[in-house]
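K.L.:
heads up, no residue letters with this:
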């Protein structure tokens, strides 16, 4: 794919049309997963039926790509192309005040081979692009569905020998939990001096759950010192490998159910964090 492929209105099989964005995407209605072996997940072909669309006041102009090569290799594209795709879709809502991400908002992961982007090697990816020893920098990992959140959580907990670590390296924030439980988890870990929480810096969630958390704590002053509301450093890892619908090459970057929720939560975090935020595509 050449550098000019996105120059002419993202000429990648995209048909511009106005679409409705659901208020509550499918990722929040998927039941809690049963425990699965991580090595099996990487080779599993997952299919899901799209839910019936709900009425919405919000209208978006569809600039999402349906090109299979583009979707499957999105994380390996040059940052310039990724940036343009995000910005075009970020500003696709009618009468919306323009908002633009910059090249500096992204860490370039294009050199990381696609064949190495497997859950069994997820921690290796994190070690390559994120300083996991820096307790001050939090890492939020965003996945398309609750099932994928659970899979990534197990991957984060794995040691090199593919055995589960007794040390807590991450937490799940998703709709299997009550909202208050997720917020309390974030607050308690932030305040705790317990040795078992010292390596917890990975917060694994969906776009909808993260936005719900942000909206809930936004107006409450008791959360003003929480890392989600201050200018401390944050890395956002977006899982673009998982295909919500493999047959149609639908992932978090081109699924109507999740992509605009993803972009909205990235915008909200960027407005909070400013230059302290970095986006990392897995």
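P.N.:
Nice, thanks for sending it over. Because the structure is predicted, anything quoted here is derived from the model rather than measured.
K.L.:
Flag the shaky bits of the chain, pLDDT-wise.
P.N.:
Where the chain drops to pLDDT under 70, the residues are 1-61, 92-96, 160-166.
K.L.:
Tell me which stretches of it form strands.
P.N.:
Secondary structure of the chain (DSSP state E): strands at 18-20, 59-61, 106-107, 138-142, 170-173, 202-205, 234-238, 243-245, 250-251, 277-281.
K.L.:
any chance of those strands in TSV, with mean neighbour count too?
P.N.:
All C-beta spots, glycine's among them, are computed from the backbone N, C-alpha and C. Shown next, in TSV, are the strands of the chain (neighbours: other C-beta atoms under 10 Å):
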stretch	mean neighbour count
strand 18-20	13
strand 59-61	17
strand 106-107	16
strand 138-142	23
strand 170-173	22
strand 202-205	24
strand 234-238	23
strand 243-245	19
strand 250-251	22
strand 277-281	21
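K.L.:
As TSV, those with distance to residue 270 would be great.
P.N.:
Output for the strands of the chain, formatted as TSV (distance: least, C-beta to C-beta, whole Å):
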stretch	distance to residue 270
strand 18-20	24
strand 59-61	19
strand 106-107	11
strand 138-142	12
strand 170-173	19
strand 202-205	17
strand 234-238	9
strand 243-245	24
strand 250-251	21
strand 277-281	5
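K.L.:
For residue 110, which non-adjacent residue is closest in space?
P.N.:
residue 76 (4.9 Å; C-beta to C-beta, 6 or more residues apart in numbering).
K.L.:
unless I'm mixing things up, that neighbour is touching residue 115, no?
P.N.:
No. Residue 76 is not in contact with residue 115 according to C-beta atoms under 8 Å; the separation is 10.8 Å.
K.L.:
Tell me which of these two has more neighbours.
P.N.:
residue 76 (17 against 7; other C-beta atoms under 10 Å).
K.L.:
Check the gap between that one and residue 141 for me.
P.N.:
19 Å (C-beta to C-beta, to the nearest Å).
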